[in-house]
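**Q** Any chance you could fold what I've pasted below:
(one chain, ligands or ions: 1)
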Amino acid sequence: MSKVLVFTEFQNGNLKRSSQELLQFAATTGKPVVALALGSQAKTGAAQLAHHGAQEVLLCADTAYDAYNPELFSVAAAEAIQQAGASLVLASASSSGKDLFPRVAAKIGAGVVSDGTEITVSGDDVKVKKPMYAGKCFATAQFENAATKIVLMRANQLPVAAADTSKTATITEHAFTKPSLKTLIKEVVKGASEKLDLTEANVVVSGGRGLKEAANFSMLNDLASVLGATVGASRAVVDAGWVGHSMQVGQTGKTVAPTLYIAVGISGAIQHLAGMSGSKVIVAINNDPNAPIFQKATYGIVGDAFEIVPKLTEEFKKILAH
Ligand SMILES: Cc1cc2nc3c(=O)[nH]c(=O)nc-3n(C[C@H](O)[C@H](O)[C@H](O)COP(=O)(O)OP(=O)(O)OC[C@H]3O[C@@H](n4cnc5c(N)ncnc54)[C@H](O)[C@@H]3O)c2cc1C
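**A** Next up, the predicted model:
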């Protein structure tokens, strides 16, 4: 039977939630699930792949794969797909996923659909729903004449159940061909405000136009550092150039699913809600009692963010110190 290969990623030794989603979805297709794991974190984390549904693991723990390099990764991924005989490949529509898999598709003559928000697999038939024209409408994409189908899914679109630690997988260590590289990654500089990628964060503190100016994000950074949270933003402030696009939550930004989402000075436009309404607990701080965000919020605080946020930060500091 044709297999599903899942391209997996680790962060701080833990399998990313986006990879957990893909593995668990792959297991529901009824096809054998192969996980590809590259880099030194993959070796210690390999068991986690089995716990989320991988039956086979193709592992290459070479430190050369610790930083993303498209030339190196595209050869490894292409070889792994061919070795596994996978007809369906699932990966995250992260910036590296979107950079990598068109290259892989070109190498092996596969079809590729990116930015999936829904996927259905029935035998060889794969349908992927994806936003078009910056989220103004959705398209359903299907493959034609593609023996190998590559689907890049947005994070936090598929459900994740708890890991089943009784599951095991066959782990095969593998050395993929290393091409002579034309580019080398010398250093990776993380954005100062992004502790953990938004899509993986358990607590998110997001700011909107109600913060008035870019400098006032420091108030959110203070709250976030007390809570161990990642800072996000609405599109209005991204478009204004206050923060980078990697911090945007919403239909045309990232979809988040944290345990706690704190929205500060965000009105709650439908496009913003599309990216955060899967959060477990939503706290909204807004000085307009009629702001639409309050309809989604678990707890609403009507008031001036400039008074409330510093008070919350101080209170959390005291509580969490114990
Ligand atoms: C195709 C398309 C895609 C889009 N994609 C996205 C997306 O991915 N993500 C996204 O966020 N938006 C997206 N948008 C934009 C969206 O429609 C809104 O314009 C945007 O979310 C508004 O951002 P905001 O809430 O920060 O600003 P505003 O709507 O201006 O809201 C600011 C809020 O701050 C409150 N406020 C003001 N002062 C204070 C204060 N002192 N204390 C507390 N509260 C205060 C106000 O009451 C108001 O509710 C998209 C739009 C389109 C058309």
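
**Q** Let me know the pLDDT of the nearest residue to residue 67 once chain neighbours are set aside.
**A** Spatial nearest neighbour of residue 67, excluding adjacent residues (Cβ to Cβ, 6 or more residues apart in numbering): residue 185 at 4.4 Å. To be clear about C-beta, it is placed using only N, CA and C from the backbone, and glycine gets the same treatment. Predicted confidence (pLDDT) for residue 185: 83.

**Q** Now do the same for residue 185: helix, strand or coil?
**A** Secondary structure for residue 185, judged by DSSP: H, G, I helix; E, B strand; the rest coil, is coil.

**Q** So it versus the ligand, what's the distance?
**A** Using Cβ to the nearest ligand atom, to the nearest Å, residue 185 is found at 29 Å from the ligand.

**Q** Would you mind giving both backbone torsions of residue 127?
**A** When read as degrees, to the nearest 10, the backbone of residue 127 gives phi -120, psi 140.

**Q** residues in contact with it?
**A** Residues near residue 127 by Cβ atoms under 8 Å, 6 or more residues apart in numbering: 119-120, 140-142.

**Q** got the residues of the protein near the ligand?
**A** 134-136, 208-210, 234-237, 248-253, 265-267, 269, 271-272, 275, 285-288, 291, 304-306 (Cβ under 6 Å from any ligand atom).

**Q** so residue 75 touches residue 181, yeah?
**A** No: using Cβ atoms under 8 Å, residue 75 makes no contact with residue 181, being 10.2 Å away.

**Q** Looking at those two, which is more packed in?
**A** residue 75 (17 against 12; other Cβ atoms under 10 Å).

**Q** Counting residues, name the longest helix you see in this protein.
**A** helix 305-321 (DSSP state H).

**Q** Show residues contacting that one.
**A** Contacts to helix 305-321, defined as Cβ under 8 Å, 6+ apart, come from residues 210-211, 216, 219-220, 222-223, 226-227, 264-265, 285-287, 301.

**Q** Report the buried residues of it.
**A** Under the neighbour-count criterion of 16 or more other Cβ atoms under 10 Å, helix 305-321 has 305, 308-309, 312-313 buried.

**Q** ok, now stretch 8-25?
**A** Buried, per 16+ other Cβ under 10 Å, within stretch 8-25: 8-10, 15-25.

**Q** avg pLDDT for it?
**A** In this model, stretch 8-25 has a mean pLDDT of 94.

**Q** repeat for stretch 58-75
**A** Mean pLDDT, computed over stretch 58-75, is 95.

**Q** Mind listing what's buried along that stretch?
**A** Neighbour-count burial for stretch 58-75 flags 58-62, 64-65, 68-70, 72-75 (criterion: 16+ other Cβ under 10 Å).

**Q** State the number of residues packed around residue 212.
**A** For residue 212, the count of nearby residues is 12 (other Cβ under 10 Å).
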